[in-house]
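Student: pasting the structure only:
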């Protein structure tokens, strides 16, 4: 089974008039201000999945600042999961700085979603104050035994919309702050997997951390699959497209040229997601509070 762990869906009203959402939402305006930045709906993703041979996708929205925006978006995700339970697994999304964040996570998990993410503070990265804001959210996710997908990015290289100001030290501090949560770090964790080579501490700190491949063709050479697999284990890599940013075939081509074995490729493409989410025999096990 192929599972895309990183896709974004937007409700029709958001797609049809994105400009009205810009006020009070600087991150959304930064990333989606251009009409060339695609906003996709469920039918778009299903068509892409069928063309690419993807059986399931983890779907989520955007880390909105305004409560009304993220509640409406999460309602849409819950509706799409209920409508397509064999194709979509939903995560809830919101700004982790919102005073309603933990309450929204609880509401959505009760409503049938299976995790939280992709959470991000694009202006603040992972400063200590941002990490502190995650405490109650992480407590809810630990209680429900669900994974949390966090936006991370490399601290060097070219700038692009959505590249947050964060350092590897900050990412590492974030991971250490929540050792009992299962964390998925988007975009290869900003490269922090390299430090699994260290003799002390780091490998243990990363034991509850997974890495998704979202935007990889824009960021890294295909060798990243082999190198990351050797450093942290192929069982810690999750195929994610960041749809609609890039089509799945770009990832398939890079994996084919990366030199990894078929067994490890199958782990990355879906086996690891099945294990992380508790999917057995093609069925998704719903989250259970107290796990």
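Tutor: Good, I have the coordinates. Quantities reported herein were computed from a predicted structural model and do not represent experimental measurements. Numbers count the residues shown, from 1 in each chain.
Student: What count of nearby residues applies to residue 103?
Tutor: Around residue 103 there are 15 other residues, counting by other C-beta atoms under 10 Å. No exception for glycine: its C-beta is placed from N, CA and C like everyone else's.
Student: quick one, what contacts residue 265?
Tutor: Contact analysis of residue 265 by C-beta atoms under 8 Å, 6 or more residues apart in numbering lists residue 255.
Student: any weak-confidence spans in this protein?
Tutor: Across the chain, residues meeting the criterion (pLDDT under 70) sit at 280-291.
Student: Would you mind finding the longest helix in it?
Tutor: If you go by DSSP state H, the chain has its longest helix at helix 67-83.
Student: and the helix or strand that comes right after that one with helix 67-83, angle?
Tutor: Downstream of helix 67-83, the first helix or strand assigned by DSSP states H and E is strand 88-92. Per axes from the mean of the first three to the mean of the last three C-alpha atoms, to 10 degrees, the angle that strand 88-92 makes with helix 67-83 is 160 degrees.
Student: Could you measure from residue 279 over to residue 56?
Tutor: The spacing between residue 279 and residue 56, counted by C-beta to C-beta, to the nearest Å, is 8 Å.
Student: sorry, that was for residue 154
Tutor: Applying C-beta to C-beta, the value for residue 154 to residue 56 is 28 Å.
Student: Comparing those two, which shows the higher neighbour count?
Tutor: Per other C-beta under 10 Å, whichever of residue 154 and residue 56 has more neighbours is residue 56, with 24 against 18.
Student: Show me what that one bridges to in the sheet.
Tutor: Beta bridges link residue 56 to residue 3 when assigned by DSSP bridges.
Student: Please give me every residue in contact with it.
Tutor: 1, 2, 3, 4, 86, 87, 88, 89, 270, 273, 279, 284.
Student: Filter those residues down to the buried ones and express that as a ChimeraX selection.
Tutor: Remark: buried members of the contacts of residue 56, expressed as a ChimeraX selection using 16 or more other C-beta atoms under 10 Å:
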select :2,3,4,87,88,89,270,273,279,284
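Student: which one among the contacts of residue 56 gets closest to residue 108?
Tutor: residue 89 (12.6 Å; C-beta to C-beta).
Student: which residue ranges form the helices in the stretch 101-250 of the chain?
Tutor: For the stretch 101-250 of the chain, the helices defined by DSSP state H, counting those that start in this stretch cover 101-110, 128-133, 135-144, 168-177, 202-205, 216-219, 223-232, 248-257.
Student: Hmm, residue 130 is touching residue 124, no?
Tutor: Yes: at 4.9 Å, residue 130 counts as touching residue 124 under the criterion of C-beta atoms under 8 Å.
Student: And the helix or strand hosting residue 272, what does it pack against?
Tutor: For residue 272, the element it lies in under DSSP H and E is helix 272-277. When contacts are defined as 3 or more C-beta pairs under 8 Å, 6 or more residues apart in numbering; DSSP states H and E, helix 272-277 packs onto strand 3-8, strand 56-60, strand 237-238.
Student: from those strands, which stretch is densest packed?
Tutor: Highest mean neighbour count of the helices and strands packed on helix 272-277: strand 237-238, a mean of 28 (counted as mean count of other C-beta atoms under 10 Å).
Student: Adjacent strands (with direction) for that strand?
Tutor: strand 209-212 (parallel).
Student: Run through who's touching the strand it pairs with.
Tutor: Residues outside strand 209-212 that contact it (C-beta under 8 Å, 6+ apart): 5-6, 147, 149, 175, 182-189, 193, 228, 232, 236-240, 272, 276.
Student: Show me which positions of that strand end up buried.
Tutor: Using 16+ other C-beta under 10 Å as the test for burial, strand 209-212 gives 209, 210, 211, 212.
Student: same thing with stretch 58-76?
Tutor: For stretch 58-76, the neighbour count (16+ other C-beta under 10 Å) marks 58-67, 69-71, 73-76 as buried.
Student: Distance from it to the middle of the chain?
Tutor: In terms of C-alpha atoms, centre = their mean, to the nearest Å, the centre of stretch 58-76 is set 14 Å apart from its chain centre.
Student: what about that stretch, start to end distance?
Tutor: With C-alpha to C-alpha, to the nearest Å applied, stretch 58-76 spans 14 Å between its terminal residues.
Student: Over to stretch 6-18?
Tutor: The straight-line separation of the ends of stretch 6-18 (C-alpha to C-alpha) is 21 Å.
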